[in-house]
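Chemist: Provided below are the primary sequence and the corresponding predicted coordinates.
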Amino acid sequence: MKKIKFASLLLFAPLVLCAACGGGIQTTEFQTNWYRNTALGDDIEGTSETLEYAITMINPDEHNGLTAEYTDGVFTMTLKNAPIALDSSTKEGYVLDTSQTMKVKFTLGGKSTAELVDTVTSHVEFLTVGENLKPVSSTKTWHNHVPAEAPTTLDTCYTEYHYTYAVEYDDALTTATVTYSDLMEGADGVPEPVVSERDIEGKTTYLDNEQILFAMRGMNFSLAPTFRTLSTTMMTVQTVSVRDGTQEVTESVSFERNGVAYSEEIAAYEVRIGYGGNIGQGRTVVIAKKTGDTDNVNRNVPVRIETPLMRTLGTLRYTLKKATFSEK
């Protein structure tokens, strides 16, 4: 697998893959803060949620003479409950789907490429808080255009990638089977998928990469939540902690909430997580703070996300524009 695959992941991830941290390790417990009544626990029937974000580029910069312009970005996340098929049974759980599209144009030496379209989709299935949000499977597909490290001509200032990672977990959550599929057709056609297994057994909470953003809504940040996740690009299980990158803030929000315009200054958590413990270059996720155990009107929703572009070309900012919550 080419190392550039890891870099291209960072271009679009709404949340950093993982963060290393020292100190004591503990099991992270979750509360159903994505509901208005946060004490519902495993009563998840009728779950339905759609979040829509606008993506804009901020703090543009150049790298070795190359600049990028990202426009018309849209990120959508949908949540529902469904029967989840396990190895030997079926249990009620969650299905979370995301979809992202964005246009990009690169400029080098005063000349620009044609407008390109980048897309990312993901699908992850996991169990309830009673099962500690145990993941069952996930799939993520990228089709994007990655800026070159040292571009010399406009024709070679980016590389196109199209690939999928699929992860399947056993019922005991001890093994992850990862299937990498390169979808770019070459001279010999589409390459055969590459399948590998990783031991993920451990005594602490484990989350799939594609559920982390959602799972953060159920965390108690005052307890320094810690968990493990598998980086499919590095093929290693890494420990994540948000202990050193979280603060309480006041956030100005303006979005449509269940069909009604909503603008407010709200209490929120600003969580910063960096790959390999690099908080300074990490992602920022601003999550609405719980307003009450039985009247949590904003459901601990992420209202703003910021992720640096690779090659330090700028930052992508995700701003919540529309939220449709179930009445639970």
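Modeler: Here it is on my side, so go on. Given the structure is predicted, the values throughout are model-derived calculations rather than measurements. Numbers count the residues shown, from 1 in each chain.
Chemist: what helices or strands is the host helix or strand of R198 leaning on?
Modeler: Assigning secondary structure by DSSP states H and E places R198 in strand 194-199. When contacts are defined as 3 or more CB pairs under 8 Å, 6 or more residues apart in numbering; DSSP states H and E, strand 194-199 packs onto strand 175-182, strand 236-241. The C-beta positions use only the backbone N, C-alpha and C, and glycine is treated the same way.
Chemist: Show me what the longest one is in contact with.
Modeler: Strand 175-182 is contacted from outside by 1, 162-169, 190-191, 193-201, 230, 232, 235, using CB atoms under 8 Å, 6 or more residues apart in numbering.
Chemist: Send me it as PDB with only the CA atoms.
Modeler: Presented in PDB, the C-alpha positions along strand 175-182 are these (Å, rounded to 0.1, in the frame of the first residue of the first chain):
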ATOM      1  CA  THR A 175     -10.000  -9.600  15.500                       C
ATOM      2  CA  ALA A 176     -10.500  -7.100  12.700                       C
ATOM      3  CA  THR A 177     -10.500  -8.300   9.100                       C
ATOM      4  CA  VAL A 178      -9.600  -5.500   6.800                       C
ATOM      5  CA  THR A 179     -10.100  -5.500   3.000                       C
ATOM      6  CA  TYR A 180      -8.400  -2.900   1.000                       C
ATOM      7  CA  SER A 181      -9.700  -2.500  -2.600                       C
ATOM      8  CA  ASP A 182      -8.000  -0.200  -5.100                       C
END
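Chemist: Can you give me the buried ones in that strand?
Modeler: A176, V178, Y180, S181, D182 (16 or more other CB atoms under 10 Å).
Chemist: Would you mind putting these into JSON lines with pLDDT and distance to N37 alongside?
Modeler: As requested, the buried residues of strand 175-182 are exported to JSON lines (pLDDT from 0 to 100; distance: CB to CB, whole Å):
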{"residue": "A176", "pLDDT": "96", "distance to N37": "33"}
{"residue": "V178", "pLDDT": "96", "distance to N37": "37"}
{"residue": "Y180", "pLDDT": "95", "distance to N37": "41"}
{"residue": "S181", "pLDDT": "96", "distance to N37": "41"}
{"residue": "D182", "pLDDT": "95", "distance to N37": "45"}
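Chemist: biggest separation within those residues, which pair?
Modeler: Using CB to CB, the two most remote members of the buried residues of strand 175-182 are A176 and D182, lying 19.6 Å apart.
Chemist: Quick one: residues contacting D72.
Modeler: Taking CB under 8 Å, 6+ apart as the test, what D72 contacts is T101, M102, K103.
Chemist: how much space between the second one and H63?
Modeler: Between M102 and H63 the computed distance is 18 Å (CB to CB, to the nearest Å).
Chemist: Which one's more surrounded, those two?
Modeler: With neighbours defined as other CB atoms under 10 Å, M102 and H63 compare such that M102 has more, 22 against 18.
Chemist: so what's N33 closest to, chain neighbours aside?
Modeler: N300 (3.8 Å; CB to CB, 6 or more residues apart in numbering).
Chemist: Assign the one you found to helix, strand or coil.
Modeler: coil (DSSP: H, G, I helix; E, B strand; the rest coil).
Chemist: Please apply the same query to R217.
Modeler: Applying three-state DSSP: R217 is helix.
Chemist: Hmm, it is touching Q31, no?
Modeler: No - counting by CB atoms under 8 Å, R217 sits too far from Q31 to count as a contact (9.1 Å).
Chemist: Using TSV, lay out the buried residues of strand 175-182 together with distance to V249.
Modeler: Shown next, in TSV, are those (distance: CB to CB, whole Å):
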residue	distance to V249
A176	35
V178	36
Y180	38
S181	40
D182	41
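Chemist: ok, the residues you listed vs T113, which is closest?
Modeler: D182 (22.9 Å).
Chemist: and that closest one, bridged to which residues?
Modeler: D182 has the following beta-bridge partners by DSSP bridges: Y163.
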